[in-house]
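Undergrad: Using only what follows, build the 3D model:
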Amino acid sequence: MMKVFRAAHFVAAALVAAPVLTAAPVFPGEHWESKAPADTGMDGPALDALATALGGRGCVVKDGYIVAAWGDQSERSDWMSSAKPVLSTLLFFAIEEGLVTSVDQPVADFGWPLEGKDRGITFRHLGAMTSGYARPEGPGEAWAYNDYAIQLYQKTLFDRVFHGDPISVAEDPRRLGALQFEDGLEFREDTRRLKASVRDFARIAWFWLNRGNWGGKHVLPARYFDDFMQPQTPKDLPQTAKADTNDYLQIGSFGGESDHFTKYGAGIYGFNWWFNDTGRLHPDRITWPDAPRDTVMAIGFGGNCSVLVPSMNLVLVSAKGDWGKLEAGEPDNQMNYTIAALCNAVLGK
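TA: Sure thing, here's the model as predicted:
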């Protein structure tokens, strides 16, 4: 599949610096409105090639219109770690509603009997994978892609902040319910991982890209995205030491280990999004070298990913697609090729 996008690699570098003028976004009502790619300034055959290469199920949103869709758009499935930024979005709602004082409030305030080294864990640490829960380090001392810490994050939010089941919390009309999901959300009982259709997850991604705006109204004030939709991990943050998982709270895992998936993260991760920046392991190259600098991703196991390119009013949501691995800073990488191919489908860039 990688060869499909090699041509994009040689021309996409200009996208990093070149601004793209886009139309004002629109928002779906009960259903998404579709447009032919050319009507939004996109190359239809290029989008068809992208869909074929990715496979699975997916859609592309440009300026608020569906311009490409493949696979069953209504099938609900587990978005794996791509849904982790939904937890952070709910945290922002909790702050706005006065249930949490700030992203820097310690989670020990919500009744967790944390050990001494962990008593300083804040919501910011949990959203940045720097909490140290179940690891040997204290909060803020090391990076670890830590699904035990994410389990602590979701349990704190749903059980101790909102005191509600995930559906009623997330689909409250004051929160994500304002997005008018077409197929509705579903959450796993054990981990509260999100299951949603492609077209509904695209609503969440479009909400993120528009920084809390939905239908011309800021359901969530833009300042949360201005302040927090950027890396929260220092570029020189070390990797966690090799050690067994110490889940002394007996809360279990969101799905993986307390140190798994990737060593990348320092400099490019925050509130569960991945950003196109330099990091400790790639100090001279941004995460996706051939993508616009403002590209943001939510990355999940099994090819469950979404890409946001704010400068192009462009979103790609893909379930069970062929994304390859996260290899930050590597030009010769499937994820880099895929994002470059998406952006090169914008005509007149």
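Undergrad: and P238, how many neighbours?
TA: 12 (other Cβ atoms under 10 Å). Yep, even glycine has a C-beta here, placed from its N, CA and C like the rest.
Undergrad: what's it sitting at in phi/psi?
TA: phi -70, psi 160 (degrees, to the nearest 10).
Undergrad: just the strands in the protein please.
TA: With DSSP state E, the ranges of strands along the chain come out as 57-62, 65-70, 77-78, 186-187, 194-196, 213-214, 217-218, 269-270, 273-275, 296-300, 304-309, 314-319.
Undergrad: what about the helices in the stretch 51-200 of the chain?
TA: Using DSSP state H, counting those that start in this stretch, the helices of the stretch 51-200 of the chain run over residues 84-96, 123-128, 147-155, 166-170, 198-209.
Undergrad: quick one on the thing from earlier: D284 is nearest to which of the strands of the chain?
TA: Counting by Cβ to Cβ, D284 lies closest to strand 273-275 out of the strands of the chain; the figure is 16.4 Å.
Undergrad: What strands line up against the closest one, and which way round?
TA: strand 269-270 (antiparallel), strand 296-300 (antiparallel) (DSSP bridges).
Undergrad: Give me the residues contacting it.
TA: Strand 273-275 has contacts (Cβ atoms under 8 Å, 6 or more residues apart in numbering) with 85, 88, 229-231, 268-269, 287, 295-299, 326.
Undergrad: now swap in stretch 40-55 and tell me
TA: With Cβ under 8 Å, 6+ apart, stretch 40-55 has contacts from 1, 4-5, 23, 36-38, 58, 60, 62-63, 65, 67-68, 70, 303, 318, 320-323, 338, 341-342, 344-348.
Undergrad: how does it look with 7 Å?
TA: Stretch 40-55 is contacted from outside by 1, 4, 36-38, 58, 60, 62-63, 65, 67-68, 70, 318, 321-322, 338, 341-342, 344-348, using Cβ atoms under 7 Å, 6 or more residues apart in numbering.
Undergrad: Quick one: buried ones out of these?
TA: Listed as buried from the contacts of stretch 40-55 are 4, 37, 58, 60, 62-63, 65, 67-68, 70, 318, 321, 338, 341-342, 344-346; burial here means 16 or more other Cβ atoms under 10 Å.
Undergrad: L179 versus the residue sitting furthest away from the middle of the chain, what's the distance?
TA: Most distant from the centre of the chain: G116, at 31.2 Å, with distances by Cα atoms, centre = their mean. Distance, G116 to L179, using Cβ to Cβ, to the nearest Å: 41 Å.
Undergrad: any chance of the contacts of strand 273-275 in CSV, with neighbour count and distance to R193 too?
TA: What follows is these, written out as CSV (neighbours: other Cβ atoms under 10 Å; distance: Cβ to Cβ, whole Å):
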residue, neighbour count, distance to R193
P85, 24, 13
S88, 25, 14
M229, 24, 22
Q230, 13, 25
P231, 21, 24
I268, 27, 23
Y269, 27, 19
T287, 28, 24
T295, 27, 24
V296, 22, 20
M297, 24, 18
A298, 25, 13
I299, 24, 14
L326, 22, 19
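Undergrad: Please produce TSV containing the residues you listed, extended by distance to T156 and pLDDT.
TA: TSV is the format used below for the contacts of strand 273-275 (distance: Cβ to Cβ, whole Å; pLDDT from 0 to 100):
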residue	distance to T156	pLDDT
P85	16	98
S88	12	98
M229	21	98
Q230	23	97
P231	23	98
I268	25	98
Y269	19	98
T287	29	98
T295	30	98
V296	24	98
M297	25	98
A298	20	98
I299	23	98
L326	27	97
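Undergrad: pLDDT value on the closest residue to G71 other than its chain neighbours, please?
TA: Beyond its immediate neighbours in the sequence, the residue positioned closest to G71 (Cβ to Cβ, 6 or more residues apart in numbering) is R57, lying 2.9 Å away. Note for R57: predicted pLDDT of 98.
Undergrad: check contacts around R57.
TA: The neighbours of R57, taking Cβ under 7 Å, 6+ apart as the test, are W70, G71, D72, E75, V198, A319, K320.
Undergrad: could you measure the spatially most central residue of the chain against E327, distance?
TA: Averaging the C-alpha coordinates of the chain gives a centre point, and the residue nearest to it by Cα atoms, centre = their mean is A298 (2.5 Å). According to Cβ to Cβ, A298 stands 17 Å off from E327.
Undergrad: And for E33?
TA: Taking Cβ to Cβ, one finds E33 at 36 Å from E327.
Undergrad: More neighbours: these two, which one.
TA: Between E33 and E327, E327 has the larger neighbour count (other Cβ under 10 Å), namely 18 against 11.
Undergrad: which residues touch the more buried one?
TA: Contacts of E327 by Cβ under 7 Å, 6+ apart are N333.
Undergrad: do you know how far it is from I299?
TA: 12 Å.
Undergrad: any residues in contact with both of these two?
TA: Counting by Cβ under 7 Å, 6+ apart, nothing touches both E327 and I299.
Undergrad: and the closest residue to I268 other than its chain neighbours, what does it touch?
TA: Counting by Cβ to Cβ, 6+ apart, I268 lies nearest to G279, which is 4.6 Å off, once chain neighbours are set aside. The neighbours of G279, taking Cβ under 7 Å, 6+ apart as the test, are K235, Y264, A266, G267, I268, A328.
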